[in-house]
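S.K.: Sharing a model prediction with you, sequence too.
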Amino acid sequence: MKVSQREVLLFGQQSAVLAEELGRLLPGWRVVMARNVAEALTCLGHTIRPMIGLVHIGRLVTELQDALEDICAVVGVMEWIALVERDLLGTVPVCKFISDHCYDFHTLPLDAPRLAMTLGHAHGRAELRIRNSYQHIHPNQFNMVGSSPAMQKLFASIDKIRGSEAPVLVHGESGTGKELVARALHQNSHRADGPFVAVNCGAIPAHLVQTELFGHEKGAFTGAHQRKIGLIEAADGGTIFLDEIGDLPHDMQVNLLRFLQEKIIERVGSVQRIRVDVRVIAATHVDLERAISEKRFREDLYYRLNVLRLNVPPLRERCEDIELLARWCFEEFSLEKSSKVYGFSNKALQAMRAYSWPGNVRELINLVRSAMVMSEHRLIRPEDLGLAMTGIRDDRWIEVGTLDTVVGRMERDYIQQVLEMNKKNVSATAKQLGLSRSTLYRMMMKLKMNY
Ligand SMILES: Nc1ncnc2c1ncn2[C@@H]1O[C@H](COP(=O)(O)OP(=O)(O)O)[C@@H](O)[C@H]1O
Ligand SMILES: [Mg+2]
């Protein structure tokens, strides 16, 4: 009977002698040897894809730990079995390493039947895990990637309101995906075959907004050589997306309001009333309630637009999505060019999780894309992403201290961040944090925070 050869990676400094011994003792197994991460990645990338590894533990456990993490970051799923000298088993770092990283351990000298059995089990287990984890990341039906509870909630809301004709107001920081949400609403509505017209209200010079949105007749003003169909009319049968609605000049807000009430437009220079069938989706990154109180935004227009509301959460509030989005971008851009880079190092993933992402998903996409081009290594490092210390929210992930001090520091930082987002408004901050004002004040006093 022909037994297909399974492969095992042997990793460690002394692997040459052991490899030879293992080769003799383990028929049915092909042993591939690597003394360092570079060698391991070469084997994994070009020759084989072993799903299990034997790691020979010498004294330098910390280095081994980093190495294993780097290898696993590329391979995704590997089951490790430690080969360890009996006298090292009693040492704390070795025990911790084994319990943190290994499926099983085997003391030297080698006991071939026992090791063969352990390898067999590990192989079976790795196969099971591999079936679950080698799935490509696909955007969902809304063309979006995200599995955090916050995004699940958003997707459920999109699904609920996509069929409605009522205006939608999408709120969220820049780069969070507001336009993507608007497109999702359009593409998943009965208007999907109609046009989707996106207008950035902040990018049109104030004196042109009227004609851009409503169009004009030939001769309506000097220079109007021909009739021009406005953007609202161009969206007839579809959706108009009014991005950065907070930047719409005040006098235009009245005209837009009238349109929302009547669904009728008049081109500049014409008295003809044209009925237009469009769904309006507006987006803003500014706090419109505040703009209303400062008389920069009309309250009546706000209520017209804010019939259905979607809030797109910033990336720092959905840490679970960071790695998913990074891996998805990586897959997307790998198709674009033959990148030598295999994936992210654990340190890069750690740095990404610790970063506050002021530019949200847009910033993440840009950093990953540039790192893939610029990286000199097989695994993207924090430096390739520009996240080597500077720009990272803080060095929390290498911070040491008692649990109380570290948690206290994290609470203080987070409260500070939310306070700043809410322009130091304590009531709004308390609401966002799910606390009462008095609890928040008490916490701030306890944490010695200024406000
Ligand atoms: N959840 C997501 N999944 C995939 N891509 C996303 C997601 N959110 C945002 N993006 C991408 O990030 C970039 C910025 O999104 P965009 O909708 O323009 O943000 P905003 O309008 O809020 O500034 C776009 O390239 C968009 O495709
Ligand atoms: Mg936008």
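M.R.: Perfect, thanks for sending it. Note that the coordinates shown come from a computational prediction; the quantities given were computed from them, not determined experimentally. Ligands and ions are numbered 1, 2, ... in the order given.

S.K.: Show me which residues of the stretch 301-450 of the chain sit near ligand 1.
M.R.: 361-362, 365 (Cβ under 6 Å from any ligand atom). Every C-beta, even on glycine, is put in place using the N, C-alpha and C of the backbone.

S.K.: tally of neighbours for the residue of the chain found nearest ligand 1?
M.R.: Proximity of the chain to ligand 1 (Cβ to the nearest ligand atom) peaks at G177, 2.8 Å away. When neighbours are counted by other Cβ atoms under 10 Å, G177 registers 25.

S.K.: Can you list phi and psi of it for me?
M.R.: Main-chain dihedrals, G177, degrees, to the nearest 10: phi 120, psi 30.

S.K.: My reading is that V361 lies in a strand. Confirm?
M.R.: No. According to DSSP: H, G, I helix; E, B strand; the rest coil, the state of V361 is helix, so it is not within a strand.

S.K.: Need the nearest residue in space to P249, chain neighbours excluded.
M.R.: Spatially, and ignoring its direct neighbours in sequence, P249 is nearest to A206 (4.6 Å; Cβ to Cβ, 6 or more residues apart in numbering).

S.K.: What's the first helix or strand after the helix or strand that L213 is a member of?
M.R.: Secondary structure from DSSP states H and E places L213 in helix 209-214. Counting by DSSP H and E, the next helix or strand C-terminal to helix 209-214 is strand 215-216.

S.K.: Show me what that following strand is in contact with.
M.R.: 224, 227-230, 232-233, 265, 267-270 (Cβ atoms under 8 Å, 6 or more residues apart in numbering).

S.K.: What helices and strands are in contact with the helix or strand following that strand?
M.R.: Next in sequence after strand 215-216, counting helices and strands by DSSP H and E, comes strand 228-229. Contacts defined by 3 or more Cβ pairs under 8 Å, 6 or more residues apart in numbering; DSSP states H and E place strand 228-229 against strand 215-216.

S.K.: Tell me which other helices or strands whatever helix or strand I232 lives in touches.
M.R.: Per DSSP H and E: I232 is located in helix 231-234. If contacts are counted by 3+ Cβ pairs under 8 Å, 6+ apart, helix 231-234 sits against strand 196-200, helix 209-214.

S.K.: where among those is the average confidence lowest?
M.R.: With a mean of 94, helix 209-214 has the lowest mean pLDDT of these.

S.K.: Which strands or helices does that helix pack on?
M.R.: helix 231-234, helix 250-262.

S.K.: to the chain's geometric centre, what's the distance from the shortest one?
M.R.: What separates the centre of helix 231-234 from the centre of its chain is 34 Å, taken as Cα atoms, centre = their mean, to the nearest Å.

S.K.: now swap in stretch 265-275 and tell me
M.R.: 45 Å.

S.K.: Shouldn't I81 be within a strand?
M.R.: Yes. Secondary structure of I81 (three-state DSSP): part of a strand.

S.K.: what about the stretch 201-350 of the chain, any weak spots by pLDDT?
M.R.: Filtered on pLDDT under 70, the stretch 201-350 of the chain yields the residue ranges 336-340.
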